[in-house]
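A.B. asks: Compute the structure for the input listed below.
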Amino acid sequence: MKFRPNLAFGALLVAGLLSLDALPALAEPNRVTFPDIEALEHYTTVNRGEVTEHMLTTPEALAAARAGEPMPDGTHVVLVDYRGGEVFRYFVMQKGAGWGADYDNRTEDWQFQAFHPDQSINVAETAARCMGCHQSRGDTEFQFLYNDILQPR
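C.D. replies: Here you go, the predicted structure:
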């Protein structure tokens, strides 16, 4: 039998594509960018055993929420997850005009993304899990700690 490089390559390609079903679900594409952390304001901290979570957002978002207005487009809300005194990961919510159309308005114009401590995208964490929980908070800008935002510091 004569060796056929194209046939061999094709067989390897098909085998490789079939094995993708065994991979875990990866984060879906979205528009969230990592913000300038230094420009955000801390508004609350949550301790969960060995995990400490600092919540940050923009001064403009804090002012809008405290005035009873919607948070503006471009707002980032960041959960900084610390473990053992070091940043373990970041979860970022970002709001953009018209972004709700990307996901059938499940969380209006908010999208979600997980990031590694080096601020690179963590594709192993799906934003769908975040979005699924936050859907229940439509009356508070899809946030669980919205009341903490309302408390001036």
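A.B. asks: Can you pull out the low-pLDDT segments for this structure?
C.D. replies: Along the chain, the parts satisfying pLDDT under 70 run over 1-29, 105, 128-138, 140-142, 144-150, 153.
A.B. asks: what about the helices in it?
C.D. replies: 5-18, 59-66, 127-134, 146-150 (DSSP state H).
A.B. asks: can you give me the strands for the chain?
C.D. replies: Remark: strands assigned in the chain by DSSP state E are 41-48, 51-57, 76-83, 86-95, 106-115.
A.B. asks: The third one: partners in the sheet, and parallel or antiparallel?
C.D. replies: Using DSSP bridges, the strands paired with strand 76-83 in its sheet are strand 51-57 (antiparallel), strand 86-95 (antiparallel).
A.B. asks: Redo the strands of the chain as a markdown table? Include distance to E69 and mean neighbour count.
C.D. replies: Any C-beta I mention is one placed from the backbone N, CA and C, and that applies to glycine too. As requested, the strands of the chain are exported to a markdown table (distance: least, C-beta to C-beta, whole Å; neighbours: other C-beta atoms under 10 Å):
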| stretch | distance to E69 | mean neighbour count |
| --- | --- | --- |
| strand 41-48 | 16 | 13 |
| strand 51-57 | 14 | 18 |
| strand 76-83 | 16 | 19 |
| strand 86-95 | 13 | 18 |
| strand 106-115 | 15 | 22 |
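A.B. asks: Now distance to R66 too, for the ones you listed, in JSON lines please.
C.D. replies: Converted to JSON lines, the strands of the chain look like this (distance: least, C-beta to C-beta, whole Å):
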{"stretch": "strand 41-48", "distance to R66": "10"}
{"stretch": "strand 51-57", "distance to R66": "11"}
{"stretch": "strand 76-83", "distance to R66": "15"}
{"stretch": "strand 86-95", "distance to R66": "17"}
{"stretch": "strand 106-115", "distance to R66": "19"}
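A.B. asks: Next, the contact list for the closest residue to E86 other than its chain neighbours, please.
C.D. replies: Using C-beta to C-beta, 6 or more residues apart in numbering and skipping residues adjacent in sequence, the residue nearest E86 is P117, 7.2 Å away. Residues in contact with P117 (C-beta atoms under 8 Å, 6 or more residues apart in numbering) are 86-90.
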